[in-house]
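S.K.: 3D model of this:
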Amino acid sequence: QVQLVESGGGLVQPGGSLRLSCVASGVTLDSYAIGWFRQAPGKGREGVSCISASDGSIWYAQSVKGRFTISRDNAKNTVDLQMDSLKAEDTAVYYCAADLTCRYAMTYWGKGTLVTVSA
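M.R.: Purely as a prediction, here's the structure:
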């Protein structure tokens, strides 16, 4: 059973930065593709970024490209999402998810962490 827990959310001003972490228990994350998703109030779930297990290839949504960076820390068994130049429209609950490949309907999900970007 893959259990994922997100951390690092909070309140930040526009232009600021946050670093989210996704930690797993019971498995090593480098065996899985890990995706970050978000859901803003009143909106559907949106894919933000994903890193594959096979070759480490990375995908970013166009809306975050150049501002967000996904990375693995195998020593800590985490996948992090560094978020810079945050905008109000980045406000959402952020979820990490795991599966064998990057896809929208991933199998394992964390419970999410809230990111609020506001002055």
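
S.K.: residue contacts, the spatially most central residue of the chain?
M.R.: Residue closest to the average C-alpha location in the chain (Cα atoms, centre = their mean): residue 36, at 2.8 Å. Remark: with contacts taken as Cβ atoms under 8 Å, 6 or more residues apart in numbering, residue 36 is in contact with 20, 22, 47-50, 70, 79, 81, 94-97. (C-beta placed from N, C-alpha, C; glycine too.)

S.K.: Let me know the closest of those to residue 7.
M.R.: residue 20 (7.1 Å; Cβ to Cβ).

S.K.: Can you name the residues that contact the closest one?
M.R.: Per Cβ under 8 Å, 6+ apart, neighbours of residue 20: 6-9, 36, 80-81, 83, 94, 96, 113, 115.

S.K.: May I have the phi/psi pair for it?
M.R.: Taking degrees, to the nearest 10, you get phi -90, psi 140 for the backbone angles of residue 20.

S.K.: before we move on, back to that, now the buried members of the contacts of residue 20.
M.R.: 6, 8-9, 36, 80-81, 83, 94, 96, 113, 115 (16 or more other Cβ atoms under 10 Å).
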